[in-house]
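Q: give me the fold of what follows.
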Amino acid sequence: MSHDREALREEFSAADGTFLLEVRMLVWDPIAFSRLEGLMRAACLDLAGQDTRERWMVEGFWILSDWLSDWTSHPNFPRPESVEYYEAAIRRMQDLQYWFVMGESLYEPDHAWEPL
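A: Here you go, the predicted structure:
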């Protein structure tokens, strides 16, 4: 298993220091989010042309595209960043889920993913 894949597995399992663990404890860390998002993009690139997906990856992409929006939209979830930031982050997770599931990105191959 590659280093990126191991790191993504840790992220999806909410290991210490991961975005998912922090967000479950009501802390959105933008740096941890960017790290996770980059690992998810790398996984989508690595899986290009493959027809199968490992279950832990499917579950992780699903949680971060569906559950994350519900969890962080609760009125008691602290949101120190702008509303636009969170909307863009959720949209990014949805775009990555589409790429992961469909096997193709919504964007052109030379698309520059802007940092959030």
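Q: for the longest helix along the chain, packing partners?
A: Taking DSSP state H as the criterion, the chain has its longest helix at helix 83-102. Applying 3 or more Cβ pairs under 8 Å, 6 or more residues apart in numbering; DSSP states H and E, we find helix 83-102 packed against helix 30-46, helix 55-62, helix 68-72. (Glycine included, C-beta is placed from N, CA and C.)
Q: could I get the buried residue list for that helix?
A: Using 16 or more other Cβ atoms under 10 Å as the test for burial, helix 83-102 gives 86, 89-90, 92-100.
Q: redo these as a markdown table? Include distance to H3.
A: A markdown table is the format used below for the buried residues of helix 83-102 (distance: Cβ to Cβ, whole Å):
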| residue | distance to H3 |
| --- | --- |
| Y86 | 29 |
| A89 | 24 |
| I90 | 27 |
| R92 | 22 |
| M93 | 22 |
| Q94 | 26 |
| D95 | 24 |
| L96 | 19 |
| Q97 | 23 |
| Y98 | 25 |
| W99 | 21 |
| F100 | 19 |
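Q: of the residues you listed, just say which sits nearest to R55.
A: Using Cβ to Cβ, F100 comes nearest to R55 of the buried residues of helix 83-102, at 12.8 Å.
Q: on that earlier part again, what's the closest of the helices and strands packed on helix 83-102 to A112?
A: A112 sits nearest to helix 30-46 of all the helices and strands packed on helix 83-102, at 11.8 Å, using Cβ to Cβ.
Q: what sits against Q97?
A: 61-62, 64-66 (Cβ atoms under 8 Å, 6 or more residues apart in numbering).
Q: again, only this time at 6 Å
A: 61, 65 (Cβ atoms under 6 Å, 6 or more residues apart in numbering).
Q: separation between it and V58?
A: Q97 sits 10 Å away from V58, going by Cβ to Cβ, to the nearest Å.
Q: cool, and S82?
A: Distance, S82 to V58, by Cβ to Cβ: 31 Å.
Q: equivalent analysis for S73, please.
A: Going from S73 to V58 by Cβ to Cβ gives 23 Å.
Q: more neighbours: which of these two?
A: Neighbour tally, S73 and V58, criterion other Cβ atoms under 10 Å: the higher count belongs to V58, 15 against 11.
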